[in-house]
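**Student:** The following comprises the amino acid sequence and a computationally predicted model.
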Amino acid sequence: MAKDTFFVEKKEWSKTKDKLLGHYLKLYFNKILATRANVKYIDCFAGKGRFDDGEIGSPLMALEIAKEALKISKVHNSIDFCFIEKMYSNDLKDNTQQYKCTIYPGAYETSLHQILESCKYQNVFLYIDPFGIKSLHFDIFSSLKSYSCRSMEMLLNLNSFGFIREGCRVLNAKPLSEEISALEERENDSGSTKNDIPNMNRVANGSYWQKIITDYNSGAIDAFQAEDRFVEEYCNQLRNVFSYVINIPIKVKIQNMPKYRMVFATNHKHGLVEMASNMCKKSSELINGGQMTLFDYSKGDGVKEVIMNFISSADQSYDDILVSFYLEKGPLYSESDINAAIKELEAMNSIVVSRNPPITETGRRATWISYKKDMKVRRGYEKCH
């Protein structure tokens, strides 16, 4: 889409991204404020803040969610908002003038470094939502480990088909179909970065993508398989920076194809569980309305059968089981779905659940299911039916 028309109206894919981001931020702000450390929220491609049709963008949404979280918080620490926007910084300033925030009008590469230098012992949430891929040099992500933040989580909207399309172009491979090529890229840095093979290597953090494009060009794989392979390799690169990385494709209902990937990265297992469960919960809402939805995962077996594959004969902490499940399967089931399955499996003697403390304050046997408590699970003696 031409850069001067992007903000005319808020499209369905922007609404979908904001729904997922907003739902998670409510959980994140409420949880992270309890750490008593300040929070730094950084939106690296903030845009105007408001669309011309009156719809708010992610900056205003995040500011409003934070305001509500601070109202109910018992801890008097702060949430500092940093919005990086190269092209529309004046519009963003006008649209956020009633809020306390800092706007950085430069390129995100230099502005992000400047901000993170001041984040020592703070909790940092990075939201990175470019519509192109040319400026997403991976060395910026690699450098994130060097900052002394208390915690850091990142949500990246990755235009994966945009990368495949550009890969085909720079390697002179056969182009993607017209339908797939219609997936738009926001060229907000078109004049500053030449997109050639060396730049694509910098974005991907390696040359592995070239073999993927070669396989696509030869007919060994189709475009969807190429995109899937690229995303998995890209997430593997991110796992060198963050302990836990998951992604979920967002598709266009009509074409039934992924439009982009939402990639979430964190060093905290509970953050992974909360984001994955959030994505699963929101999927039904997105499926029932609008033109965008979460990509269809083939659930196959029921939740009890699937979760049993992650339970061994030795005691395992419940949060580790959930982490293993979500890393391998993605947001296939919500935490509440899995909790219900665990309760059923325990009643069937298919598993043994150890809780600490085993007795409630009223003297009854504890029956709670929670990854946030001291709970261990192992296989029992009866088969799962």
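**Tutor:** Nice, I can see it. No experiment lies behind these values; they were computed from the predicted model shown.
**Student:** Tell me which residues of stretch 196-214 come out buried.
**Tutor:** Within stretch 196-214, the residues that count as buried by 16 or more other C-beta atoms under 10 Å are 199-205, 209-210, 212-213. (Each C-beta comes from the backbone N, C-alpha and C, glycine too.)
**Student:** got it, and stretch 125-141?
**Tutor:** Buried residues in stretch 125-141, defined by neighbour count with 16+ other C-beta under 10 Å: 125-138, 140-141.
**Student:** is Leu158 in a bridge, and if so with what?
**Tutor:** Arg261 (DSSP bridges).
**Student:** what does Asp374 give?
**Tutor:** Bridge pairing for Asp374 - DSSP bridges - gives Asn356.
**Student:** Could you report the neighbour count for it?
**Tutor:** Other residues within reach of Asp374, judged by other C-beta atoms under 10 Å, total 12.
**Student:** Could you check how far it is from Pro358?
**Tutor:** Per C-beta to C-beta, to the nearest Å, Asp374 is found 10 Å from Pro358.
**Student:** what are the ranges of the strands in the stretch 151-300 of the chain?
**Tutor:** Listed in chain order, the strands of the stretch 151-300 of the chain (DSSP state E, counting those that start in this stretch) span residues 151-158, 244-252, 257-266, 292-294.
**Student:** nearest to Leu27, of the ones you listed?
**Tutor:** strand 151-158 (11.3 Å; C-beta to C-beta).
**Student:** Wait, a strand at Phe83?
**Tutor:** Yes - counting by DSSP: H, G, I helix; E, B strand; the rest coil, one finds Phe83 located in a strand.
**Student:** Bridging across strands, which residues link to it?
**Tutor:** Here Phe83, judged by DSSP bridges, has bridge partners Asp43, Ile103.
**Student:** Run through the residues that contact it.
**Tutor:** Residues near Phe83 by C-beta atoms under 8 Å, 6 or more residues apart in numbering: 43, 46, 49, 59, 92, 96, 101-104.
**Student:** I'd like the distance between it and Glu9.
**Tutor:** From Phe83 over to Glu9 the distance is 21 Å, taken as C-beta to C-beta.
**Student:** Quick check: of the contacts of Phe83, which lies closest to Leu116?
**Tutor:** Leu116 has its nearest neighbour among those in Tyr104, at 11.8 Å by C-beta to C-beta.
**Student:** Now that closest one: closest residue in space, sequence neighbours ignored.
**Tutor:** Once flanking residues are discounted, Tyr104 sits nearest to Ser111: 3.9 Å by C-beta to C-beta, 6 or more residues apart in numbering.
**Student:** ok so that neighbour is a helix residue?
**Tutor:** Yes - using three-state DSSP, the assignment for Ser111 is a helix.
**Student:** Ile246 and Gly330 touch, don't they?
**Tutor:** Yes - when contacts are counted by C-beta atoms under 8 Å, Ile246 is listed as touching Gly330 (6.0 Å).
**Student:** Lowest pLDDT pick from the contacts of Phe83?
**Tutor:** Model confidence across the contacts of Phe83 bottoms out at Gly49, which has 90.
**Student:** Find me the pLDDT at the residue nearest to Tyr104, would you?
**Tutor:** 94.
**Student:** Just give me the neighbour total for it.
**Tutor:** Counted with other C-beta under 10 Å, Ser111 comes out at 21.
**Student:** Excluding residues flanking it in the chain, which one is nearest Glu153?
**Tutor:** In this structure, Glu153 finds its nearest non-sequential neighbour in Thr266, 4.5 Å apart by C-beta to C-beta, 6+ apart.
**Student:** and the one you found, what are its bridge partners?
**Tutor:** Here Thr266 sits in beta bridges with Glu153, Tyr244, as judged by DSSP bridges.
**Student:** Would you agree it is in contact with Cys149?
**Tutor:** No - look at Thr266 against Cys149 with C-beta under 8 Å: they stay out of range, at 12.0 Å.
**Student:** tell me the domain boundaries of the chain?
**Tutor:** Split into domains by automatic domain parsing, the chain comes to 12-294, 303-379.
**Student:** Pull up the gap between the residue nearest to Glu153 and Ser143, please.
**Tutor:** Taken as C-beta to C-beta, the span from Thr266 to Ser143 is 17 Å.
**Student:** Look at those two and report which has more neighbours.
**Tutor:** Between Thr266 and Ser143, counted using other C-beta under 10 Å, Thr266 has the larger neighbour count: 22 against 13.
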